[in-house]
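Enquirer: okay, sequence plus prediction incoming.
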Amino acid sequence: MGRMSRQKGKRGERECAAEFAALLGVECRRGVQYQGGADSPDVILKGVPLHVECKRVESLNVYKALEQATEDAPATSTPIVWHRRNGKPSVVIVETTKLLALADAIRATQRAH
């Protein structure tokens, strides 16, 4: 991966963290800057059991990204993919079977605040 691509990835992770922090009202930060492991989430949402894989690319293989998030996520976290391409709004991708777990995680966050 080239330097420009890595920089874009870091910007995407910061953007993702800022969006989740504003949306959920929780502390969010890039995961790799503290944990550094290959299976650490790209963004950590404090107190929210989500495993976030950020993809700031123009073309995304949705199933490959979901597979990566699912393989890396601990059993206690719901794997999701945050994606944004240039000039478009961001989207969150989650397997339908995990949609209820995502909703539960968000509701629990809202009750805590």
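Expert: Perfect, thanks for sending it. Numbers count the residues shown, from 1 in each chain.

Enquirer: any weak-confidence spans in the chain?
Expert: The chain contains residues with pLDDT under 70 at 33-39, 113.

Enquirer: please enumerate the strands of it.
Expert: 28-30, 43-45, 50-55, 78-83, 91-93 (DSSP state E).

Enquirer: next, count neighbours for the nearest residue to Lys98 once chain neighbours are set aside.
Expert: Leaving aside its sequence neighbours, Lys98 sits nearest to Thr78 (CB to CB, 6 or more residues apart in numbering; 5.2 Å). C-beta coordinates here come from the backbone N, C-alpha and C atoms, glycine included. Per other CB atoms under 10 Å, the neighbour tally for Thr78 reads 23.

Enquirer: circling back: got a markdown table for the strands of the chain, with distance to Arg11 too?
Expert: Below are the strands of the chain laid out as a markdown table (distance: least, CB to CB, whole Å):
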| stretch | distance to Arg11 |
| --- | --- |
| strand 28-30 | 10 |
| strand 43-45 | 13 |
| strand 50-55 | 10 |
| strand 78-83 | 13 |
| strand 91-93 | 17 |
